[in-house]
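A.B. asks: the amino acid sequence is not available; the structure is as follows:
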């Protein structure tokens, strides 16, 4: 995609909370833009020994060290300084015409909006509802929540256009944010279509039990792994189910607490905390081996309105799901999941027991989910909306926008482990 001068449009994407290779939304967006002629740079945190700069998948990636101490004040203060410095470096080395800013935190948009002085366009890509996320993690604090509401509204209004992942976030932007509908576009998360072969089955995991249960995602206070542990306890000790084994794939601040909790309630023999799996093939083997996948996020204002990438990843692999009955989870999964009463670990266990006892139901639910992804919810159905946002903010003609909807952007099959931030 080029400007009126014939030069390619240059896009700088900024993300603070996930590395590029761990963020499926940012990867899908950046690869789609690159495949359609945009020059894309990304600023993101580094994971492990990743180089500070490299070109991968046609995208120029700049990384900053991510502090793991001192709490959110230290993390965000350092990240803002690092992002400011790297954005200046990108401006000098490569240049950019559009700054595509993902939250959290919402202070990133005011930081990047300074480039409007130089004529740069700002797109705000709202991954999470920060006020609701804060309450889910830390509880109510009137001062901090008020600040977060103000930063959210400021971000909405500083941006030239706002991208959100689902209809619930759209309602927030229209009502709480006071945005005009013309300034707002839903770009849903969507996985790449996947296939599962018998060669991908992990033989060691398969030997553990007749039924393998899998969780893939972040392990933080709002993600409900404690509810999963309680459900497994009830499944084993009250429902007398012994022939199952659960693998938890992921990392996060609550990982060690969850390991200790599983020992306290005597389910540690039935659950394995695999940690973060960076190897894409091993990650795929774990999920391919699973008979049932779970999404135990409890009901609250944040989880109820958010779309979890793990749900769509499970569906793409044809796996039946057990989840709590949340608004956006049901909108995503429909018939691919059994829905437990919100925050009721015993009912969650009963839904697991139902699927353990019925291989035929598991198969039909899995196929329903796979068909829904392949026919409606894969990334290729979201990509045209993203391209139309860029056509709109760059002043493309209506004909150009229409042509965009008719195009099939070049996509790559992807089996990289996905983070499960709400809208990532």
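C.D. replies: Nice, I can see it. Just so it is clear, the structure is predicted and the values come from calculations on it, not from any experiment.
A.B. asks: so where's the protein shaky on pLDDT?
C.D. replies: 1-6, 68-71, 194-199, 278-282, 396-424 (pLDDT under 70).
A.B. asks: what domains does the record give for it?
C.D. replies: 10-192+379-406, 198-375 (automatic domain parsing).
A.B. asks: state the distance from residue 368 to residue 291.
C.D. replies: According to C-beta to C-beta, to the nearest Å, residue 368 stands 16 Å off from residue 291. No exception for glycine: its C-beta is placed from N, CA and C like everyone else's.
A.B. asks: now do residue 191
C.D. replies: Residue 191 is 20 Å from residue 291, by C-beta to C-beta.
A.B. asks: possible to save the domains of the chain as JSON lines with mean neighbour count?
C.D. replies: Output for the domains of the chain, formatted as JSON lines (neighbours: other C-beta atoms under 10 Å):
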{"stretch": "domain 10-192+379-406", "mean neighbour count": "18"}
{"stretch": "domain 198-375", "mean neighbour count": "20"}
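A.B. asks: and the helices in the stretch 251-400 of the chain?
C.D. replies: With DSSP state H, counting those that start in this stretch as the criterion, the stretch 251-400 of the chain has helices at 255-264, 280-289, 301-305, 309-316, 327-333, 345-356, 359-372, 379-393, 398-406.
A.B. asks: same thing with the stretch 1-150 of the chain?
C.D. replies: Counting by DSSP H, counting those that start in this stretch, the helices of the stretch 1-150 of the chain are 24-35, 71-93, 108-112, 130-138, 142-158.
A.B. asks: to residue 347, which of those helices lies closest?
C.D. replies: helix 130-138 (20.8 Å; C-beta to C-beta).
A.B. asks: and that closest one, what does it pack against?
C.D. replies: When contacts are defined as 3 or more C-beta pairs under 8 Å, 6 or more residues apart in numbering; DSSP states H and E, helix 130-138 sits against helix 142-158, helix 301-305.
A.B. asks: just put the helices of the stretch 251-400 of the chain in JSON lines and tack on distance to residue 35.
C.D. replies: Below are the helices of the stretch 251-400 of the chain laid out as JSON lines (distance: least, C-beta to C-beta, whole Å):
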{"stretch": "helix 255-264", "distance to residue 35": "36"}
{"stretch": "helix 280-289", "distance to residue 35": "20"}
{"stretch": "helix 301-305", "distance to residue 35": "31"}
{"stretch": "helix 309-316", "distance to residue 35": "20"}
{"stretch": "helix 327-333", "distance to residue 35": "25"}
{"stretch": "helix 345-356", "distance to residue 35": "38"}
{"stretch": "helix 359-372", "distance to residue 35": "25"}
{"stretch": "helix 379-393", "distance to residue 35": "9"}
{"stretch": "helix 398-406", "distance to residue 35": "12"}
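A.B. asks: for residue 93, which of these is the nearest?
C.D. replies: Of the helices of the stretch 251-400 of the chain, the one closest to residue 93 (C-beta to C-beta) turns out to be helix 379-393, at 22.1 Å.
A.B. asks: tell me what angle the closest one forms with helix 309-316.
C.D. replies: Using axes from the mean of the first three to the mean of the last three C-alpha atoms, to 10 degrees, the inter-axis angle of helix 379-393 relative to helix 309-316 is 130 degrees.
A.B. asks: name the helices or strands packed onto helix 379-393?
C.D. replies: Using 3+ C-beta pairs under 8 Å, 6+ apart: helix 379-393 touches helix 24-35, strand 121-125, strand 161-164, strand 184-186, helix 398-406.
A.B. asks: out of those, the one nearest residue 144 is which?
C.D. replies: Short answer: strand 121-125, nearest of those by C-beta to C-beta, at 20.7 Å.
A.B. asks: residue 46: what's it in contact with?
C.D. replies: For residue 46, the contact set (C-beta atoms under 8 Å, 6 or more residues apart in numbering) comprises 19, 52, 63, 64, 65, 66.
A.B. asks: wait, doesn't residue 222 sit right on residue 133?
C.D. replies: Yes: Residue 222 lies in contact with residue 133 (C-beta atoms under 8 Å); the separation is 7.2 Å.
A.B. asks: can you list the neighbours in contact with stretch 254-262?
C.D. replies: 219-221, 223, 225-226, 229, 232, 248, 268, 271, 273, 275.
A.B. asks: an error on my part: the question was meant for stretch 67-86.
C.D. replies: Counting by C-beta under 8 Å, 6+ apart, 14, 16, 43, 45, 62, 64-66, 105, 107-108, 111-112 sit against stretch 67-86.
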